[in-house]
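J.: next comes the sequence, and after it the predicted model I'd like to discuss.
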Amino acid sequence: MKNYFVLFACCIPVKGHSRSTICDLQRNTFELIPNILYEILTEHAHQSMQEIFAVYDNQYNEEIQEYMEFLVSKEYGFYSNSPLHFPKISLDWQTPFSITNALIDFDEQSTHQLSTIVPQLSALYCPTIELRFFYTPTLTALTENLELFEDTAFRCIQLIIGYHHDFSAERLVKLLQKYPRLQNITVHSTPVSSINLKIRSKGIVFTNQKITSEACCGNISPYYFTANISTFTEAQHFNSCLNRKIGIDKRGYIKNCPSMNKNFGHIDDIPLKQVVENVHFQKLWKVNKDQVLDCQDCEFRYICYDCRAYVANPNNELSKPAKCQYNPYEARWEDQVTT
Ligand code: SF4
């Protein structure tokens, strides 16, 4: 019998007020566990099973053994006689990019031009951009916009567009094939319920959800939880939505996110680089979930996205996201989503 229980390095326990999670950063999943098991896995991580039994006065040997067997059966850990041979992974987060993602909004009255924005973001080596059309652009306008990304530094384009019967799956697949950077197309306000199509690593979504303004953003749900090494480690140190993000709202104002009230000037008046280097613009990048009320006690805080645009108390910029229905003190979703 091997004497020590060891969690796989990619399986990280996170303590909440009422319960904890083990976040599996390799399989992008999580397991709910009681806080006593969190304590065993962290405070007593380097003790043998016999030593752990003794910590609890040998009163709960069977229960502790059952917990460990459960974790082994779910492939979160294993037994070993050499636990120090399995060091923890680093939870540092680094990026060479000053901006990692941009969100640009358009409605039918928008006058800002992508031809002004794309070269500036490319010069900043921004890898990902989301273009959100709250209306239905023509196919010609779409292709003209996509042509602007030729010979740029972008790696990934995501498109959100209003429904038109011209946007058949076949047409959209052709767009994905023609523009290698185009990764996802979401067609909103469709007459049918949701359809998801996977084309190799790319995707097309048809949804009857009406994405007709920036107010559709900021929803918090287990559906959006992400447990991978990149997002988990970023969330340890930075804001899981706003870090290295730049937004341009439908009127052309530069913001941390198009839903926010505060702007840093109009795209026609100020270079994006100047905004990105502004320390006031960078302030929200560093607000991680450990600083946000309620979230700091939540077991999901490193796999959950944040929202600083819609907060529960508009007078407190550190209050929890307004669209979150989870109460970490009662371990309960108000809207009955079960986890
Ligand atoms: S309280 Fe809500 S928003 Fe905060 S980390 Fe938990 S689930 Fe996410």
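T.: That came through fine.
J.: would you mind measuring from the residue in the stretch 101-250 of the chain positioned nearest to the ligand to residue 311?
T.: Relative to the ligand, the nearest point of the stretch 101-250 of the chain is residue 220 (4.5 Å; CB to the nearest ligand atom). C-beta: built from backbone N, CA, C; applies to glycine. The spacing between residue 220 and residue 311, counted by CB to CB, to the nearest Å, is 12 Å.
J.: list residues touching both of these two?
T.: By the contact definition CB atoms under 8 Å, 6 or more residues apart in numbering, residue 220 and residue 311 are jointly contacted by residue 321.
J.: about what we covered before: excluding chain neighbours, what is closest to the residue of the stretch 101-250 of the chain closest to the ligand?
T.: Taking CB to CB, 6 or more residues apart in numbering as the measure, residue 220 lies nearest to residue 324, with 3.9 Å between them; neighbours along the chain are not counted.
J.: what's the burial count for the one you found?
T.: Taking other CB atoms under 10 Å as the neighbour definition, residue 324 ends up with a count of 27.
J.: same check on the one 5 residues further on?
T.: Other residues lying near residue 329 total 12 when counted by other CB under 10 Å.
J.: pLDDT value on it, please?
T.: Residue 329 carries a pLDDT value of 97.
J.: can you list the domain ranges for this protein.
T.: Here the domain assignment for the chain is 4-85, 101-285, based on automatic domain parsing.
J.: after the helix or strand encompassing residue 146, next one along is what?
T.: Here residue 146 is covered by helix 139-147, with elements defined by DSSP states H and E. Later in the chain than helix 139-147, the nearest helix or strand by DSSP H and E is strand 156-162.
J.: next, the buried residues of that following strand.
T.: For strand 156-162, the buried set under the neighbour-count rule, 16 or more other CB atoms under 10 Å, comprises 157, 158, 159, 160, 161, 162.
J.: using JSON lines, lay out these together with pLDDT.
T.: Listed next are the buried residues of strand 156-162 as JSON lines, based on pLDDT from 0 to 100:
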{"residue": "157", "pLDDT": "98"}
{"residue": "158", "pLDDT": "97"}
{"residue": "159", "pLDDT": "97"}
{"residue": "160", "pLDDT": "97"}
{"residue": "161", "pLDDT": "97"}
{"residue": "162", "pLDDT": "96"}
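J.: which one of those is nearest residue 234?
T.: The shortest separation between residue 234 and any of those is 18.5 Å, and it belongs to residue 158 (by CB to CB).
J.: that closest one contacts residue 179, doesn't it?
T.: No: checked against CB atoms under 8 Å, the pair residue 158 and residue 179 is beyond contact range at 11.8 Å.
J.: which sections of the stretch 201-339 of the chain are below the confidence cut-off?
T.: Along the stretch 201-339 of the chain, the parts satisfying pLDDT under 70 run over 336-339.
J.: quick one: the strands in it?
T.: Taking DSSP state E, counting those that start in this stretch as the test, the strands found in the stretch 201-339 of the chain are 202-206, 245-248, 254-255, 326-327, 332-333.
J.: turn those into JSON lines, including distance to the ligand.
T.: What follows is the strands of the stretch 201-339 of the chain, written out as JSON lines (distance: least, CB to the nearest ligand atom, whole Å):
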{"stretch": "strand 202-206", "distance to the ligand": "23"}
{"stretch": "strand 245-248", "distance to the ligand": "17"}
{"stretch": "strand 254-255", "distance to the ligand": "21"}
{"stretch": "strand 326-327", "distance to the ligand": "4"}
{"stretch": "strand 332-333", "distance to the ligand": "9"}
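J.: out of those strands, nearest to residue 95?
T.: When the strands of the stretch 201-339 of the chain are ranked by proximity to residue 95, the top entry is strand 245-248, at 12.0 Å, counting by CB to CB.
J.: what pairs with the closest one, parallel or antiparallel?
T.: strand 101-106 (parallel), strand 254-255 (antiparallel) (DSSP bridges).
J.: wait, which of those is closest to residue 335?
T.: strand 101-106 (25.8 Å).
J.: average pLDDT for that closest one, rounded please.
T.: Here the mean pLDDT over strand 101-106 is 98, rounded to a whole number.
J.: now that strand against strand 156-162, angle please.
T.: Using axes from the mean of the first three to the mean of the last three CA atoms, to 10 degrees, one finds that strand 101-106 and strand 156-162 are set 30 degrees apart in direction.
J.: need the contact partners of strand 101-106.
T.: 112, 114, 117, 121, 126-135, 137, 214, 244-250, 257-258.
J.: pLDDT score assigned to residue 194?
T.: At residue 194, the pLDDT value in this model is 76.
J.: count the residues that sit near residue 59.
T.: The criterion is other CB under 10 Å. On that basis, residue 59 has 9 neighbouring residues.
J.: and the helix ranked longest in the chain, which residues are buried?
T.: When the chain is scanned for its longest helix (criterion: DSSP state H), the result is helix 61-73. For helix 61-73, burial by neighbour count (16+ other CB under 10 Å) applies to 64, 67, 68, 71.
J.: before we move on, what about stretch 177-194?
T.: By neighbour count with 16+ other CB under 10 Å, stretch 177-194 contains the buried residues 179, 181, 182, 183, 184, 185, 186, 187, 188, 189, 190.
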